[in-house]
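Asks: Here is my input; please provide its structure:
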Amino acid sequence: MSRREQVSEILWGVATFFILVIRVVSTLVVAVCVIAWVVVAVTSSLNNDWLWPAIISAIAVLVSTYLYSFVKGRH
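Replies: Numbering: from 1, shown residues only. Alright, predicted model coming up:
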């Protein structure tokens, strides 16, 4: 294996690691935000302070899932 291939292998591994960290953290944040949004929605309104963090973290899960599949498919 050449030096360039080794560097490429390391960079893909680091990218995969960070994508997986973002995926795990955003999944946990989605769960917390959605539960908080539902609890506050029952007592107040559907358009509360927890709505946008829940949506943004759900988008982060979707993007990181796509990126992970792209990285694993390419590598």
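
Asks: only C-alpha atoms for contact and neighbour calcs from this point on.
Replies: Will do.

Asks: Low-confidence regions, this structure specifically.
Replies: Scanning the chain for pLDDT under 70 picks out the ranges 75.

Asks: for it, what spans make up the helices?
Replies: Assigned by DSSP state H, the helices in the chain fall at 3-43, 51-74.

Asks: Need these in a markdown table (columns: mean neighbour count).
Replies: As requested, the helices of the chain are exported to a markdown table (neighbours: other C-alpha atoms under 10 Å):
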| stretch | mean neighbour count |
| --- | --- |
| helix 3-43 | 15 |
| helix 51-74 | 16 |
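
Asks: Quick check: Ala15 vs Val71, distance?
Replies: Separation of Ala15 from Val71 (C-alpha to C-alpha, to the nearest Å) stands at 8 Å.

Asks: Cys33 now?
Replies: According to C-alpha to C-alpha, Cys33 stands 28 Å off from Val71.

Asks: I'd say Trp37 and Asn48 touch.
Replies: Yes. In this structure, Trp37 is within contact of Asn48 by C-alpha atoms under 8 Å, at 7.0 Å.

Asks: Please enumerate the shared neighbours of those two.
Replies: Residues touching both Trp37 and Asn48 by C-alpha atoms under 8 Å, 6 or more residues apart in numbering: none at all.

Asks: Quick check: closest non-adjacent residue to Ala54.
Replies: In this structure, Ala54 finds its nearest non-sequential neighbour in Cys33, 5.0 Å apart by C-alpha to C-alpha, 6 or more residues apart in numbering.
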